[in-house]
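[1] here is the input, now give the coordinates:
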Amino acid sequence: MSDVDELNQRANELVNIIEEHKEKDVKDYLTDDFSVVKRFNKKQFLLFIHYHLKRNKSISISILNKDIIHNESYADVTANVLLIGSNKWLPERGQIYTIASRWKKESGDWKMSNLRWEKSEI
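    All right, here's what the predicted structure looks like:
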């Protein structure tokens, strides 16, 4: 499997983990020095995830497009993503975000080292 295919698979696995509320598995997809630009370190981000998983019993993540630029030591992944959350079966919250992330290979697995998002205008 190519690095790009591996990276694509890891990103999709992370989406599934969040949708399935497998909160404890999220950290396995983040490097030790993970950060969200100008917002959180890894510990703070995991608390942010915890809050939103508790707030939303149902989470749906739809990747509208994804672009992977692979270099030897890292890869940049950008995407427009639709996030929908609810406490019941009907969606209560939804927003499209533009997401940019950097991934590094660590112990043979691709892990996210940096994340940035903003509300999308599309």
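
[2] report the buried residues of the helix ranked longest in the chain.
    When the chain is parsed with DSSP state H, its longest helix is helix 3-19. Residues of helix 3-19 classed as buried by neighbour count (16 or more other CB atoms under 10 Å): 6-8, 10-11, 14-15, 17-18. Heads up, the C-betas are built off the backbone N, CA and C, glycines and all.

[3] so for stretch 111-122, what's the average pLDDT?
    For stretch 111-122, mean pLDDT rounds to 92.

[4] relative to H70, which of the buried residues of helix 3-19 is nearest.
    L7 (7.1 Å; CB to CB).

[5] so that closest one makes contact with R102?
    No. Counting by CB atoms under 8 Å, L7 sits too far from R102 to count as a contact (11.0 Å).

[6] please name the nearest non-neighbouring residue to I61.
    Among residues not flanking I61 along the chain, V15 sits closest, at 4.8 Å (CB to CB, 6 or more residues apart in numbering).

[7] swap that for R93, sorry
    G85 (4.6 Å).

[8] now swap in H52 and tell me
    In this structure, H52 finds its nearest non-sequential neighbour in G85, 7.1 Å apart by CB to CB, 6+ apart.

[9] if I look at the one you found, what pLDDT would I see?
    In this model, G85 is scored at 93, pLDDT.

[10] quickly list what's touching both of L7 and R102.
    Counting by CB atoms under 8 Å, 6 or more residues apart in numbering, the contacts common to L7 and R102 are 75, 77.

[11] if I've got this straight, I99 is in a helix?
    No. I99: not assigned to a helix; according to DSSP: H, G, I helix; E, B strand; the rest coil it is strand.

[12] tell me if I'm right that it and M112 touch.
    No. Counting by CB under 8 Å, I99 does not reach M112; the two are 10.4 Å apart.

[13] higher neighbour count, these two?
    More crowded of I99 and M112, by other CB atoms under 10 Å: M112, with 24 against 18.

[14] I figured that one hits L14, correct?
    Yes. If you go by CB under 8 Å, M112 and L14 touch, sitting 7.4 Å apart.
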